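K.L.:
With the sequence up front, the predicted model follows.
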Amino acid sequence: MKGGKSKADTSKKADARLSVKRKAAEKPVKKPAVKKAKEGKDPNKPKRPPSAFFVFMEEFRKQFKEKNPNNKQVSVVGKAAGDKWKSMSATEKAPYEAKAAKRKAEYNKTMVAYNKKLADGGGKKSVAEEDDEEESDKSKSEVHDDDDDDESGEEEDDDDDE
């Protein structure tokens with residue numbers, strides 16, 4: 001077998017080629033995402049309350065701004081606040097957690113009232129929804145008006161006169 005290729009050499013090359021093809025075949029084919037129509041956000045819905053960390057951030061931003069008036073980067077403030085929050089003990093975090101719990105209780109009350117209003121049907125619709133309903137009512141009345149004209153036959157007589 002001088003100068004000739006052995007079967008082992010050719011089978012290795014074939015396996016290498018097949019492995020590339022297998023990898024390509026194993027990848028799942030991505031289907032185009034079907035976009036669902038998003039419902040518009042209700043502007044009357046109450047905002048979620050901030051967590052204890054964000055209550056802490058409200059105060060920390062003010063203090064940090066006083067100490068570093070030249071700082072314009074939000075990321076620096078966030079990193080400094082995160083580092084301080086991690087280093088604080090549970091007793092130091094307690095007042096912020098209490099404020100957050102109080103805000104959450106208020107939020108829950110407003111959400112109950114909001115959901116009750118929606119269930120009763122008294123929830124206000126967005127301006128776009130109200131406009132759509134008005135247009136659909138107008139178009140219905142116009143369609144009925146046109147149907148009345150067609151039944152009376154007035155339009156057909158007008159065409160004959162010309």
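P.N.:
It's in.
K.L.:
for the chain, what are the low-confidence residue spans?
P.N.:
Applying pLDDT under 70 to the chain flags residues 1-37, 122-162.
K.L.:
which stretches of this protein form helices?
P.N.:
7-26, 52-67, 74-87, 90-120, 127-152, 154-161 (DSSP state H).
K.L.:
buried ones in the third one?
P.N.:
Buried positions in helix 74-87, judged by neighbour count with 16 or more other Cβ atoms under 10 Å: 77, 80-81, 85. Bear in mind the C-beta positions are built from the backbone N, C-alpha and C, glycine included.
K.L.:
Look up how far residue 102 lies from the closest residue in space to residue 58 that isn't next to it in sequence.
P.N.:
Distances taken as Cβ to Cβ, 6 or more residues apart in numbering put residue 50 closest to residue 58, at 7.7 Å, once the chain neighbours are dropped. Look at residue 50 and residue 102: by Cβ to Cβ, to the nearest Å, they are 11 Å apart.
K.L.:
Same question for residue 79.
P.N.:
To residue 102, residue 79 is 28 Å away according to Cβ to Cβ.
K.L.:
next one: residue 72
P.N.:
From residue 72 across to residue 102, the span is 33 Å (Cβ to Cβ).
K.L.:
cool, and residue 68?
P.N.:
As for residue 68, its distance to residue 102 is 30 Å (criterion: Cβ to Cβ).
K.L.:
Mind putting the buried residues of helix 74-87 into JSON lines with distance to residue 119?
P.N.:
Formatted as JSON lines, the buried residues of helix 74-87 follow (distance: Cβ to Cβ, whole Å):
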{"residue": "77", "distance to residue 119": "42"}
{"residue": "80", "distance to residue 119": "45"}
{"residue": "81", "distance to residue 119": "40"}
{"residue": "85", "distance to residue 119": "39"}
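K.L.:
which residues touch the nearest residue to residue 84 once chain neighbours are set aside?
P.N.:
Leaving aside its sequence neighbours, residue 84 sits nearest to residue 60 (Cβ to Cβ, 6+ apart; 6.8 Å). With contacts defined as Cβ atoms under 8 Å, 6 or more residues apart in numbering, residue 60 is in contact with 77, 80-81, 84.
K.L.:
Pipe these into JSON lines and attach distance to residue 43 per row.
P.N.:
Listed next are the contacts of residue 60 as JSON lines, based on distance: Cβ to Cβ, whole Å:
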{"residue": "77", "distance to residue 43": "29"}
{"residue": "80", "distance to residue 43": "34"}
{"residue": "81", "distance to residue 43": "30"}
{"residue": "84", "distance to residue 43": "35"}
